[in-house]
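In: attaching a predicted model along with its sequence, questions to come.
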Amino acid sequence: MKRTAKLMTGVATAALALTTAIPAFAAEKWDMPMAYSASNFHSENGVTFAQCVTDGTSGEIEITVHPGGSLFAGADIKRAIQTGQVQIGERLLSGHQNESAVFGFDSIPFLAPSFDDSGKLWEAAKPKVEAVLEEQNLHLLYNVPWPPQGLYFKKEVNSVADMAGVKFRSYNNTTARLAELTGMAPVTIEAAEVSQAFATGVAESMISSGATGYDQKVWESLTHYYEVDAWLPRNYVMVNADVWSGVSDANKEIINTCATEAEARGLQASKDYTQFTYDGLREGGMAVGPAGEELMSGLREVGATMTAEWLEAAGDDGKAIVDDFKAMK
């Protein structure tokens, strides 16, 4: 009995010593899924942000980035954050206009076709977008615009009529509607599947930035890129609101600082990447240049129809966003 008592006392002493050796905090590990390839500037920016948080919190919060849709497909990332399957992630919110038309504000054709206009439009939309996200158990950390969106084809296109019957890669309601109004056939394809879709003939066209085409080496299947500067959609990095509420004030400040830096860094990268990717598409063998006036005229008519439809769907919130944006110009 005495021997047993001594043994238990020894175990208790060892346990106490082990407990006091454990750091005062338990490191949190956050997974951050991203839809685009590791070489994409959004993903690279996300990795830098994640390292900033990990270093800034001295490892109390360690963020691991999973690019290329490797953890969740792009369409599933937002839901994964909402439900707590992951703590943080990046998503193109315009892909969720079925949840709220407000999410489509950054994909209204020809409303804000430059970086400057895009920034003003985001300023007008930010309060309403953040309000919807908070209702969905999401807290926005930062967002970064893509370069202006252009049209990719595997043939020369001089008018909207030339687009009829073309199989078109869509990634949200806006792009699907664009296809319908121009007589193309929309096919939903995630970013990670773009290259294969073109190589196998599942798709023959898309509207996207030079960045997507360059990253996916679409010159292996496509031949023309038209700089139509239709819109500048945004990628949003969000954290689960319940997770965020459990972060200490000190670490929230660190994360917000890293997010502010990421937003500024990402914007500059997007601007710098625009011409770089146009040059890269040319080097790959594609014809790259502005669309002709006949094509642009037809696209602007389509854009006017889509703008009216979005304003109707978004109601008072949509009207307020557009009115506030126009008041800034």
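Out: Yep, it's here. What you see is a predicted model; the values in this text were computed from it and never measured. Residues are numbered from 1 along each chain as shown.
In: what count of nearby residues applies to Asp249?
Out: 7 (other Cβ atoms under 10 Å). C-beta coordinates here come from the backbone N, C-alpha and C atoms, glycine included.
In: now do the contacts for it.
Out: Not one residue lies near Asp249 by Cβ atoms under 8 Å, 6 or more residues apart in numbering.
In: mind listing the strands for this structure?
Out: Ranges of strands in the chain, per DSSP state E, are 28-33, 61-66, 88-92, 138-145, 150-153, 167-170, 185-188, 205-208, 224-227, 234-240, 287-290.
In: per-residue confidence for Phe198?
Out: Looking at Phe198, its pLDDT stands at 97.
In: coming back round to it: deepest of the strands of the chain, which one?
Out: Counting by mean count of other Cβ atoms under 10 Å, strand 88-92 has the highest mean neighbour count of the strands of the chain, with a mean of 28.
In: verify the stated contact: Ala230 with Pro148.
Out: Yes - when contacts are counted by Cβ atoms under 8 Å, Ala230 is listed as touching Pro148 (7.1 Å).
In: between those two, which one's more packed in?
Out: When Ala230 and Pro148 are compared for neighbours, Ala230 comes out ahead with 28 against 21, by other Cβ under 10 Å.
In: picking up where we left off before, and the strands of the chain as a markdown table, adding distance to Ala264 and mean pLDDT?
Out: A markdown table is the format used below for those (distance: least, Cβ to Cβ, whole Å; pLDDT from 0 to 100):
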| stretch | distance to Ala264 | mean pLDDT |
| --- | --- | --- |
| strand 28-33 | 19 | 97 |
| strand 61-66 | 19 | 98 |
| strand 88-92 | 17 | 98 |
| strand 138-145 | 9 | 98 |
| strand 150-153 | 25 | 98 |
| strand 167-170 | 31 | 97 |
| strand 185-188 | 33 | 96 |
| strand 205-208 | 24 | 97 |
| strand 224-227 | 25 | 98 |
| strand 234-240 | 14 | 98 |
| strand 287-290 | 28 | 98 |
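In: out of those strands, which is closest to His42?
Out: Ranking those by proximity to His42 (Cβ to Cβ) places strand 234-240 first, at 5.1 Å.
In: CA atoms only for that closest one, dumped as CSV, please.
Out: The C-alpha trace of strand 234-240 is given here as CSV (Å, rounded to 0.1, in the frame of the first residue of the first chain):
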residue,chain,number,x,y,z
ARG,A,234,-13.1,40.5,-56.2
ASN,A,235,-11.8,37.7,-54.1
TYR,A,236,-12.8,37.9,-50.4
VAL,A,237,-10.9,36.4,-47.5
MET,A,238,-13.3,35.6,-44.7
VAL,A,239,-13.1,34.0,-41.2
ASN,A,240,-15.9,32.1,-39.4
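In: strand partners (parallel or antiparallel) of it?
Out: Strand pairing for strand 234-240, determined by DSSP bridges: strand 88-92 (antiparallel), strand 138-145 (antiparallel).
In: Pro148 reaches Tyr225, doesn't it?
Out: No - with contacts counted by Cβ under 8 Å, Pro148 stays clear of Tyr225, the gap being 11.6 Å.
In: pLDDT of stretch 309-323, averaged?
Out: Computed over stretch 309-323, the average pLDDT equals 97.
In: ok now that stretch, how far from the chain's centre?
Out: 22 Å (Cα atoms, centre = their mean, to the nearest Å).
In: show residues contacting that stretch.
Out: Outside stretch 309-323, the residues within contact range by Cβ under 8 Å, 6+ apart are 97, 101-102, 104-105, 108, 111, 121, 124-125, 128, 174, 177.
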